[in-house]
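In: Mind looking at a prediction? Sequence and model below.
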Amino acid sequence: MKFTVVTILPELIEPALTAGVVGRAREAGVISVTTVNPRDFTSDRHRTVDDTPYGGGPGMVMKPEPLLAAIGAAAGAPPAHRVLLSPAGARLTQGRVRELAKLPHLVLVCGRYEGIDERVIELAIDEELSLGDYVLSGGELGALVVIDACARLVPGVLGEPASADEESHSAGLLEYPHYTRPAKLVAPAPPPAMPGETRELDVPPVLQSGNHAAIAAWRRQQSLARTAARRPDLFAKHRPTKADAKLLPPHVADRTHLALVHHPVFDRTGKIVTTSLTNFDIHDLARSSMTYGLAAYHLVTPVTSQREKAEHIAKLWLDETDLPRKPPASGSRAGALARVRTADSIETVIAELTAEYGTAPLVVATSARAESFPGVPRRTPEELVAEAAVRPEPLLVLLGTGWGLADHLIPSVSRLLAPIEGRSDWNHLSVRSAGAILLDRLFGRAP
Ligand SMILES: C[S@@+](CC[C@H](N)C(=O)[O-])C[C@H]1O[C@@H](n2cnc3c(N)ncnc32)[C@H](O)[C@@H]1O
């Protein structure tokens with residue numbers, strides 16, 4: 001594979017490519033890297049490649065003519081794929097690297113100063129790539145990153161081709177941890193240990209077992225758990241296989257309980273009231289709870305007749321599927337209504353879950369008002385799921401009816417989900433809509 005780097009600082013490129021995997025690949029002739037300098041395409045005495053920006057402002061901009069000529073010379077005809085390294089480009093991913101590594105020739109254009117004249121991008125750039133959301137002083141480090149990441153995927157560069165398949169990001173997951181000898185490492189303990197104190201760390205026994213199936217399962221489990229904890233964004237896109245599901249701790253959704261609270265809630269004047277149950281709330285949130293795989297949906301009201309009404313409505317649907325002869329089909333509304341439970345108070349739900357799981361739930365409130373539950377830590381849905389994934393407790397998510405949960409009367413709340421915001425200042429969603437949106441943000445899969 002051939003790389004041509006268009007840069008006014010070729011001296012930054014060459015020394016970085018002489019050692020390691022890329023150095024050996026160049027020596028073996030598997031890849032080649034050359035540079036083209038836009039200064040060689042200038043006609044003035046100072047070999048000028050920059051000029052002041054139209055419209056004013058700080059810094060200089062790379063002039064179009066020498067850059068266009070340099071890119072043309074680098075790309076040949078028909079032109080090879082031309083990439084501009086730019087903080088405004090699409091973020092470089094392993095998936096994109098895999099595709100680029102299949103090309104025979106890649107031209108990497110490095111900006112300097114404030115960047116390059118926009119018309120060069122229109123005329124002579126096929127793709128803009130960014131290393132990340134920060135600004136470097138030039139594109140050369142980016143070009144080296146692209147060369148390194150692509151080169152190691154070119155056949156014949158890595159000693160063992162499988163090593164690129166198992167790495168972080170190759171299958172949308174982070175890689176498992178590695179260990180080498182010694183099996184028992186005794187090393188100075190990290191601060192705040194006393195001087196001279198040591199710590200002994202062992203290699204996980206499964207890796208020393210020689211059982212290849214057990215090792216593969218352990219590695220996969222580590223890879224899944226790491227991704228869930230460190231990169232919830234990647235994990236949300238990952239579709240676990242059946243084998244993965246067995247290796248993962250139960251999904252947070254499996255131990256999440258939704259509670260629709262009818263007391264204590266505020267009315268429009270700020271008074272504490274008990275609201276009435278509605279048929280819609282029972283059905284719609286039961287169906288949302290089922291769709292997102294929740295453990296149960298609790299209707300909380302101190303009014304006995306209201307609880308009986310809820311149980312009656314849920315049971316009507318259950319009866320329709322000929323229970324007890326066959327359990328409700330997973331896609332049926334009866335399946336959803338089977339998740340409905342009733343309780344006279346939030347405290348009762350907490351006591352039930354504590355008995356069921358052997359540990360008290362993490363109680364999460366929701367509110368349309370950002371100032372509700374003062375002092376309670378705020379979480380985005382992504383942060384909450386990432387936190388809950390590495391904690392043992394079940395989650396109890398409280399939805400308020402009326403004018404919202406009476407925050408000062410619910411001391412068990414230890415997290416608050418940030419209010420849902422739309423594009424207007426008004427965010428008075430029905431509790432059914434708010435519940436569905438929050439569940440999708442918590443547990444919805446990326447398409
Ligand atoms: C100082 S930067 C210009 C930044 C530009 N004024 C902006 O705010 O987008 C100079 C050059 O460094 C390179 N560069 C800077 N940050 C980068 C990043 N995150 N990824 C890829 N290239 C980058 C680009 O080639 C860019 O033209």
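Out: Arrived safely. What you see is a predicted model; the values in this text were computed from it and never measured. Numbering: from 1, shown residues only.
In: What separation do you get for the spatially closest residue to residue 131 that is not a sequence neighbour and residue 442?
Out: Sequence neighbours aside, residue 142 is the residue nearest to residue 131 in space, at 5.0 Å (criterion: C-beta to C-beta, 6 or more residues apart in numbering). (Each C-beta comes from the backbone N, C-alpha and C, glycine too.) Note on residue 142: its distance to residue 442, by C-beta to C-beta, to the nearest Å, is 36 Å.
In: Those two: which has the busier surroundings?
Out: residue 142 (25 against 22; other C-beta atoms under 10 Å).
In: Can you list the buried residues in the helix or strand where residue 5 lies?
Out: Assigned by DSSP states H and E, residue 5 belongs to strand 2-6. Neighbour-count burial for strand 2-6, counted by 16 or more other C-beta atoms under 10 Å, picks out 3-6.
In: Same question for stretch 351-365.
Out: 352-353, 361-365.
In: Which residues of the protein lie near the ligand?
Out: Neighbours of the ligand within the chain, by C-beta under 6 Å from any ligand atom: 85-88, 110-112, 114-116, 130-132, 134-139, 142.
In: Weed out the non-buried ones from these.
Out: The buried subset of those - by 16+ other C-beta under 10 Å - is 85-87, 110-112, 115-116, 130-131, 138-139, 142.
In: Among these, name the ones in helices.
Out: residue 142 (DSSP state H).
In: Can you tell me which of the buried ones among the residues of the chain next to the ligand lies closest to residue 28?
Out: residue 142 (24.9 Å; C-beta to C-beta).
In: Tell me which residues are up against stretch 134-153.
Out: Applying C-beta atoms under 8 Å, 6 or more residues apart in numbering, the external contacts of stretch 134-153 come out as 1, 3, 5, 7, 9, 12-13, 16-17, 21-22, 25, 30-31, 33, 83-87, 92, 94, 97-98, 100-101, 106, 108-112, 129-131, 157-158, 164.
In: Count the residues that sit near residue 263.
Out: 22.
In: residue contacts, the nearest residue to it once chain neighbours are set aside?
Out: In space, and not counting its chain neighbours, residue 263 is closest to residue 274: 4.0 Å by C-beta to C-beta, 6+ apart. Taking C-beta under 8 Å, 6+ apart, we find residue 274 in contact with 262-265, 301-303.
In: how about the strands in the stretch 251-400 of the chain?
Out: 256-261, 265-266, 272-273, 296-300, 340-343, 362-366, 378-379, 395-400 (DSSP state E, counting those that start in this stretch).
In: chain center to the second one: distance?
Out: This points to strand 265-266. Its chain's C-alpha centre and that of strand 265-266 lie 35 Å apart, by C-alpha atoms, centre = their mean, to the nearest Å.
In: Kindly report the same for the fourth one.
Out: For strand 296-300, the gap between its own C-alpha mean and the chain's C-alpha mean amounts to 29 Å (C-alpha atoms, centre = their mean).
In: how about the strands of the stretch 251-400 of the chain in a markdown table, adding mean pLDDT?
Out: Formatted as a markdown table, the strands of the stretch 251-400 of the chain follow (pLDDT from 0 to 100):
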| stretch | mean pLDDT |
| --- | --- |
| strand 256-261 | 98 |
| strand 265-266 | 98 |
| strand 272-273 | 98 |
| strand 296-300 | 97 |
| strand 340-343 | 96 |
| strand 362-366 | 97 |
| strand 378-379 | 92 |
| strand 395-400 | 98 |
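In: Can I get those strands in a markdown table including distance to residue 125?
Out: Formatted as a markdown table, the strands of the stretch 251-400 of the chain follow (distance: least, C-beta to C-beta, whole Å):
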| stretch | distance to residue 125 |
| --- | --- |
| strand 256-261 | 47 |
| strand 265-266 | 57 |
| strand 272-273 | 62 |
| strand 296-300 | 53 |
| strand 340-343 | 57 |
| strand 362-366 | 46 |
| strand 378-379 | 41 |
| strand 395-400 | 47 |
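In: who wins for proximity to residue 315 among the ones you listed?
Out: Closest among the strands of the stretch 251-400 of the chain, once you apply C-beta to C-beta, is strand 340-343, at 9.1 Å.
In: Going by neighbour count, list what's buried in the closest one.
Out: 340-343.
In: Likewise for stretch 373-385?
Out: 373, 376, 379, 381, 384-385.
In: count of neighbours near residue 293?
Out: 13.
In: Residue 358 and residue 284: what is the separation?
Out: Distance from residue 358 to residue 284, by C-beta to C-beta: 32 Å.
In: Would you mind measuring from residue 288 to the ligand?
Out: As judged by C-beta to the nearest ligand atom, to the nearest Å, residue 288 and the ligand stand 40 Å apart.
In: Test my guess that that residue contacts residue 436.
Out: Yes - contact status for residue 288 versus residue 436: in contact at 4.6 Å, counting by C-beta atoms under 8 Å.
In: In the chain, spot the strand with the most residues.
Out: strand 81-91 (DSSP state E).
In: shaky segments in the stretch 151-300 of the chain?
Out: Scanning the stretch 151-300 of the chain with the threshold set as pLDDT under 70 gives 160-166.
In: All the helices of it, residue numbers only.
Out: 162-165, 212-230, 232-237, 242-247, 279-291 (DSSP state H, counting those that start in this stretch).
In: taking these together, which one is wrapped up most tightly?
Out: Of the helices of the stretch 151-300 of the chain, the one with the most neighbours on average (mean count of other C-beta atoms under 10 Å) is helix 279-291, at a mean of 20.
In: Compute the inter-axis angle for that one and strand 296-300.
Out: 160 degrees (axes from the mean of the first three to the mean of the last three C-alpha atoms, to 10 degrees).
In: how about whatever residue of the chain ends up closest to the ligand, what does it touch?
Out: Closest residue of the chain to the ligand, C-beta to the nearest ligand atom: residue 111 (2.1 Å). Counting by C-beta under 8 Å, 6+ apart, residue 111 touches 62, 84-86, 138-139.
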